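In: Starting from these lines, generate the structure:
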Amino acid sequence: MWNMDWKPYDGEERGLAPPPREIDRRAPYKRIATEEAWNIPEILAAQVRLLERAGAPDDPSLRMAGMFSKLNDLQDQLMDLGERRLARMDALGIDKQLLLLTSPGVQVLDPDEGTALARLANDRLAEACGRHPNRYAGLTVFQPQDVKGAVAEIERGMQTLKLNGAVLNSHFRGRYLDELEFWPIIEALEANDAALYIHPTIPPRAWSQPYEFRGFGGALAGFPHEVWMHTMGLILSGAFDRFPKFRLVIGHMGEALPLLLYRFDWMQSNADGKAGLRGGAPAVKLRHKISHYFKNNIWITTSGQGWEPSIKFCMDVLGPERVIYAMDYPYQQSADEVAAYDAFDMSPEHKKMLMQTNAEHVFRLKR
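Out: Alright, predicted model coming up:
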């Protein structure tokens, strides 16, 4: 069901992609790319071992990891935090990458192994950021199925390793953070001033089959809809009312959610205040309309969506302070897209916010 001929987007099939331009090497802003993937060999090896084990979990995200493991050039780019990545950043005009452990991460693993490998990954990430503090920042990874371990690792990542937030590759064997048993993780994120970036994975087994059947399991539909589930679940669970300083970041132009805010507000009563949801939980009544949380607790990035109309729409609807540049390296990388941002018809103030200062604020990059 997966395309084994993966290659990074290079602009050959243009469609709506921008025309060739030169990158502005004297741009009056830094380009901080905020959804840039990386990995360590130990996590990939653990995923493959689990996938090949008798009685392995029937987890589409784990199968996705097995598919990615066979793409050698992709893995080379993900594993490298040295000269090759830095040279590619220079060629693309990227001043700094915010590094996110690639999907599906540690959460497809058994809890104890996932927690141990999260610690190892965070140590490696902190080392890389220490070697290149002007080029890299990074987000703490954690194993959400081990709630106590996740809380401890978020605190260690933020307080000891001095990382810049946290990343979760969305569902973990079909579970989501809107379920109350995982709320200590949200509490820890808020307490440690850590923005959480939810990155997509293929939908869980219970509802992935129609997507995979049609080739839609990844970026065409499965990825955005899966993050849609996580984000809306958090909102309608009342998580942002309980933790009002909790900051959430989602990529790919907010997975198209900003386009539907009017309708979400109109139809909010379908889930708001309804008893018996989430396995029989008491009714939760939100304090605000759904759009309120997008304008107060949620930021979106532009990863894989270097398209001026959609970016300007989201800046208009959410506010220019809520949209952040990202590339999606190495999965999508294009010099033409970078140059297109330079040519966007927007004020210098808003362009600098988009490319630099919003990221600095949300991820505490000047801390």
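
In: Which of the helices and strands in the protein ranks last by mean pLDDT?
Out: Sorted by mean pLDDT, DSSP states H and E, the helices and strands of the chain end with helix 277-280, the least confident at a mean of 91.

In: chain center to the helix or strand following that helix, what's the gap?
Out: Heading C-terminal from helix 277-280, the first helix or strand you meet, by DSSP states H and E, is helix 290-296. Helix 290-296 sits 19 Å away from the centroid of its parent chain (C-alpha atoms, centre = their mean, to the nearest Å).

In: Stretch 227-247 too?
Out: 15 Å.

In: hey, where'd the helices end up in the stretch 51-200 of the chain?
Out: 60-69, 72-79, 83-92, 111-131, 147-155, 183-191 (DSSP state H, counting those that start in this stretch).

In: residues making contact with the longest one?
Out: By that I understand helix 111-131. Helix 111-131 has contacts (C-beta atoms under 8 Å, 6 or more residues apart in numbering) with 38, 40, 42-43, 46, 81, 99, 101, 106-109, 136-138, 140-143, 145-146, 149-150, 153, 156-157, 161-163. Backbone N, C-alpha and C define where each C-beta goes, glycine included.

In: F216: what's it in contact with?
Out: 210, 222.

In: So it: helix, strand or coil?
Out: coil (DSSP: H, G, I helix; E, B strand; the rest coil).

In: which of the helices of the stretch 51-200 of the chain is buried the deepest?
Out: Among the helices of the stretch 51-200 of the chain, ranked by average contacts under mean count of other C-beta atoms under 10 Å, first place goes to helix 60-69 (a mean of 22).

In: ok, of the contacts of helix 111-131, which come out buried?
Out: Buried subset of those (neighbour count, 16 or more other C-beta atoms under 10 Å): 38, 40, 43, 46, 81, 99, 101, 106-109, 136-138, 140-143, 145-146, 149-150, 153, 156-157, 161, 163.

In: If you count neighbours, what's buried in the least confident helix or strand of the chain?
Out: Applying 16+ other C-beta under 10 Å to helix 277-280 flags L277 as buried.

In: Same question for stretch 300-318.
Out: Neighbour-count burial for stretch 300-318 [16+ other C-beta under 10 Å]: 300-307, 310-312, 314-315, 317-318.

In: Show me the residues you listed that map onto helices.
Out: In this view, the buried residues of stretch 300-318 that belong to helices under DSSP state H are 310-312, 314-315, 317-318.

In: pLDDT added to these, as a markdown table?
Out: Output for these, formatted as a markdown table (pLDDT from 0 to 100):
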| residue | pLDDT |
| --- | --- |
| S310 | 98 |
| I311 | 98 |
| K312 | 98 |
| C314 | 98 |
| M315 | 98 |
| V317 | 98 |
| L318 | 98 |
